[in-house]
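**Student:** Provided below for reference: sequence and predicted model.
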Amino acid sequence: MENQNYKNVLVPVDGSAVTDSVLNRAISVALSNNAHLDILNILEVNQFNQTYGSAVSGDVVFKLTENTESKLKEMKQKALDAGVKDVDIHIRFGNPKPIIAREFPHDHHTDVIVIGSTGLSAVERLIIGSVTSYVTRTALCDVLIVRSKNDPKQIK
């Protein structure tokens, strides 16, 4: 990818099948622009509350956060090993759509969001809507969508 003068690259990750591809592309963009890389995971604790009908205990949230932080540290190390000089990891709680599209980019002066095409099935997208679709419509900055190798829209 040609140099776009991006100084702050955001890669939201969710552990889905496309996470590796999205992280690799974000690392590439950060390297080619000598940019700072933010790796972000958003935990939707309210999702558990609605699904199970009761509040999630602090112990469960702590363990989930601890596990997520461990995975993010591995991703940070991968970026550093690839040559990215400035990498931060972040965990936020809440609805990923506004956090990825507006809140995080506003707080961290993000120039480009590198995001996967979708982590949802067609039925899930129909019911709750794709985070990626929302982000591309409302983001404060450029958005680079990374398609997985088995995405039917991928050009053969």
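**Tutor:** Perfect, I can see it now.

**Student:** For V84, list the residues it contacts.
**Tutor:** By Cβ atoms under 8 Å, 6 or more residues apart in numbering, V84 lies in contact with 27, 30-31, 37. The way it works is simple: take the backbone N, C-alpha and C, and place the C-beta from them, glycine included.

**Student:** now A35
**Tutor:** 6-9, 29, 86, 111.

**Student:** Buried subset of the residues you listed, written for PyMOL?
**Tutor:** PyMOL command restricting these to the buried ones, with burial defined by 16 or more other Cβ atoms under 10 Å:
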select buried, resi 6+8+9+29+111
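
**Student:** before we move on, back to that, is it possible to export the contacts of V84 to CSV including secondary structure and distance to K97?
**Tutor:** Compiled in CSV, these are given as follows (DSSP: H, G, I helix; E, B strand; the rest coil; distance: Cβ to Cβ, whole Å):
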residue, secondary structure, distance to K97
I27, helix, 24
A30, helix, 24
L31, helix, 28
L37, strand, 22
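
**Student:** how about those, which pair is most distant?
**Tutor:** L31 and L37 (9.0 Å; Cβ to Cβ).

**Student:** With neighbour numbers in mind, choose between the two.
**Tutor:** Looking at L31 and L37 with other Cβ atoms under 10 Å, you find the greater number of neighbours at L37, namely 27 against 17.
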